[in-house]
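Engineer: Quick check, what structure comes out for this input:
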Amino acid sequence: MADLQNIAVIGAGAWGTALAEIFSRAGRDVTLYARDANLAADINASHENKAYLAGAALHAKLDVTADMLTAVGDADLVVLATPAQHLRATLLQFKPYLPKAIPLINSAKGIEVATGYLLSEVVAEVAAGHPYAALSGPTFANEAVKGLPTAITLAANDAALAERWAHVLRGKAFRPYYSGDVVGVEIAGALKNVIAIACGIVEGKKLGQNAKAAVMTRGIAEIKRFGLKRGAKAETFLGLSGIGDLTLTCSSMTSRNFSLGAELGQGKTLAEILAGRNTVAEGVSTAAAAAGYAEKHGVDMPIAQAVNAVLHKGASVDALVQDLLSRNLRSEQD
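Structural biologist: Numbers count the residues shown, from 1 in each chain. You can find the predicted model right below:
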């Protein structure tokens, strides 16, 4: 794997920083790109990302830069860790500096609202000719950066490439499993954030663990229906990027989407919640993209559509709960 020794990580948020640290500890030469030059300088000086991952000591060899050419010019592999809705703009900025045919591995989770594209489709349109993989699974950055055991899925249409890159990214406690189902892995990672908001609402409304389990279970059914409509493999949704990520994200206040839902359930408005955060809850945008696709293509997704109605159409949380409870009975297999 010597030919893939140099890794660039684009995006110095919590997850991008954690990934850069994991790869550094594994012996790779890593450059982390931060859009904010002051943040880059502070991380280099203190070996800590105080803005997004405070308290985590970073590897002395990890280099942080705000210069795009410095970040990717000598890279053998680029890991994209920007928010989903900024992926297109980020790629357009970096495209002139990317080495020809360099592999791009995307770790963001979402669906582009403006187009309804999966993130692999965004990359294919903006950066055609670059081998691509999606990195997704049950991961909290604050645990992974501490070296706690973390398993994740790396999906590429060419399974042999996925296997090769998995070995490159592997760390002592960071274990990528490889997959050939890019569509399924991306859909699972995107839509679990929407279901996590719904589970957070259940938590905030104090509706109980029975209700949360029901939302999670019916939520994975919605994710699977959406995925199959777009060509995913059913078994993907039983894996790390499916039920694994859903379980983690719907069970902890560490999840930005779950905690956002909890605040909605407690009566706060979306504007109030977002005003107090410096991080992105991807499910807010993904809810709109998923609900729009479901309505246009006839995919039954009542939870996602209800969450979208609360987030973007002024519907009340109480109405959401009542609407879901009053739906006609149906077979569990439908």
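Engineer: From what I see, Thr90 and Met68 are in contact.
Structural biologist: No. The criterion here is Cβ atoms under 8 Å, and Thr90 misses it with Met68 at 9.7 Å. No exception for glycine: its C-beta is placed from N, CA and C like everyone else's.
Engineer: what ranges do the helices span in the stretch 1-150 of the chain?
Structural biologist: Assigned by DSSP state H, counting those that start in this stretch, the helices in the stretch 1-150 of the chain fall at 14-25, 37-46, 68-72, 87-94, 119-126, 141-144.
Engineer: Reformat those helices as a markdown table; add mean neighbour count, distance to Asp181 and mean pLDDT.
Structural biologist: Shown next, in a markdown table, are those (neighbours: other Cβ atoms under 10 Å; distance: least, Cβ to Cβ, whole Å; pLDDT from 0 to 100):
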| stretch | mean neighbour count | distance to Asp181 | mean pLDDT |
| --- | --- | --- | --- |
| helix 14-25 | 25 | 21 | 98 |
| helix 37-46 | 15 | 35 | 98 |
| helix 68-72 | 18 | 27 | 98 |
| helix 87-94 | 18 | 20 | 98 |
| helix 119-126 | 18 | 11 | 98 |
| helix 141-144 | 19 | 23 | 97 |
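Engineer: Quick check: which of those helices is nearest to Ile195?
Structural biologist: Among the helices of the stretch 1-150 of the chain, the nearest to Ile195 by Cβ to Cβ is helix 119-126 (18.4 Å).
Engineer: circling back to that earlier point, now distance to Phe237 too, for the helices of the stretch 1-150 of the chain, in TSV please.
Structural biologist: TSV is the format used below for those (distance: least, Cβ to Cβ, whole Å):
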stretch	distance to Phe237
helix 14-25	22
helix 37-46	36
helix 68-72	33
helix 87-94	23
helix 119-126	17
helix 141-144	23
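Engineer: so which of the ones you listed gets nearest Val194?
Structural biologist: With Cβ to Cβ as the measure, helix 119-126 is the member of the helices of the stretch 1-150 of the chain nearest Val194 (15.4 Å).
Engineer: just checking, what packs against the closest one?
Structural biologist: Applying 3 or more Cβ pairs under 8 Å, 6 or more residues apart in numbering; DSSP states H and E, one finds that helix 119-126 contacts helix 87-94, strand 104-106, strand 132-136, helix 182-204.
Engineer: so can I have CSV of those showing distance to Ala156?
Structural biologist: CSV is the format used below for those (distance: least, Cβ to Cβ, whole Å):
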stretch, distance to Ala156
helix 87-94, 17
strand 104-106, 9
strand 132-136, 4
helix 182-204, 6
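Engineer: Select, out of the ones you listed, the one closest to Ile7.
Structural biologist: Nearest to Ile7 among the helices and strands packed on helix 119-126 is strand 104-106 (9.1 Å), distances taken as Cβ to Cβ.
Engineer: Just to check, Ser179 is in contact with Ala159?
Structural biologist: Yes. Counting by Cβ under 8 Å, Ser179 touches Ala159, with 7.4 Å between them.
Engineer: Where does the residue nearest to Leu169 when sequence neighbours are not counted sit: helix, strand or coil?
Structural biologist: Distances taken as Cβ to Cβ, 6 or more residues apart in numbering place Pro176 nearest to Leu169, at 5.4 Å, with adjacent residues excluded. Assigned by DSSP: H, G, I helix; E, B strand; the rest coil, the conformation of Pro176 is strand.
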